[in-house]
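> how does the following fold in three dimensions:
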Amino acid sequence: MIEAGDTRIAGKKTCDDWQSFKTNLVPGCDVGIWQEAANGYFYKRLDSRYLKPIQILEVCGSLQGEGFSIISWRFSIA
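Prediction:
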């Protein structure tokens, strides 16, 4: 059984990982820590939960309505 803290939230990173990591995110701390938060948590989560599914829809779509999701993503990056 998976414990609540073991839930993956960004790639292989878990809720427990985030709870430990976020204590380092304080104003004025090393920029590298903020970059790690952006790359390791925010972008990883965005990619795995939004961008990759859209790419899968583009490749494997059945042309039965998935175009709306793809277009909404295309306009969000324009």
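> helix or strand for the spatially most central residue of the chain, which one?
In the chain, the residue lying closest to the centroid (CA atoms, centre = their mean) is residue 45, at 1.1 Å. Secondary structure assignment for residue 45, by DSSP states H and E: helix 44-46.
> dump whichever helix or strand comes after that helix to PDB, restricted to CA.
Toward the C-terminus, helix 44-46 is succeeded by helix 52-60 as the next helix or strand (DSSP H and E). In PDB, the C-alpha atoms belonging to helix 52-60 read as follows (Å, rounded to 0.1, in the frame of the first residue of the first chain):
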ATOM      1  CA  LYS A  52       3.300  14.600 -22.700                       C
ATOM      2  CA  PRO A  53      -0.400  13.600 -22.700                       C
ATOM      3  CA  ILE A  54      -1.000  16.300 -25.400                       C
ATOM      4  CA  GLN A  55       1.900  14.900 -27.500                       C
ATOM      5  CA  ILE A  56       0.300  11.400 -27.200                       C
ATOM      6  CA  LEU A  57      -3.000  12.800 -28.400                       C
ATOM      7  CA  GLU A  58      -1.200  14.300 -31.400                       C
ATOM      8  CA  VAL A  59       0.400  11.000 -32.300                       C
ATOM      9  CA  CYS A  60      -2.300   8.500 -31.400                       C
END
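> heads up, I number from 336, so please use that
Fine by me, first position is 336 from now on; the one you just mentioned is helix 387-395.
> against which helices or strands is helix 387-395 packed?
helix 402-411 (3 or more CB pairs under 8 Å, 6 or more residues apart in numbering; DSSP states H and E). Bear in mind the C-beta positions are built from the backbone N, C-alpha and C, glycine included.
> ok, back up a step: in contact with the residue nearest to the centre of the chain, which residues?
344-346 (CB atoms under 8 Å, 6 or more residues apart in numbering).
> mind checking how far it is from residue 402?
24 Å (CB to CB, to the nearest Å).
> same question, residue 352
The gap separating residue 352 from residue 402 is 36 Å, by CB to CB.
> flag the shaky bits of this protein, pLDDT-wise.
Scanning the chain for pLDDT under 70 picks out 336-337, 396-398, 400-401, 404-405, 408-413.
> swap the cut-off to 80 and go again
The chain contains residues with pLDDT under 80 at 336-339, 389, 392-413.
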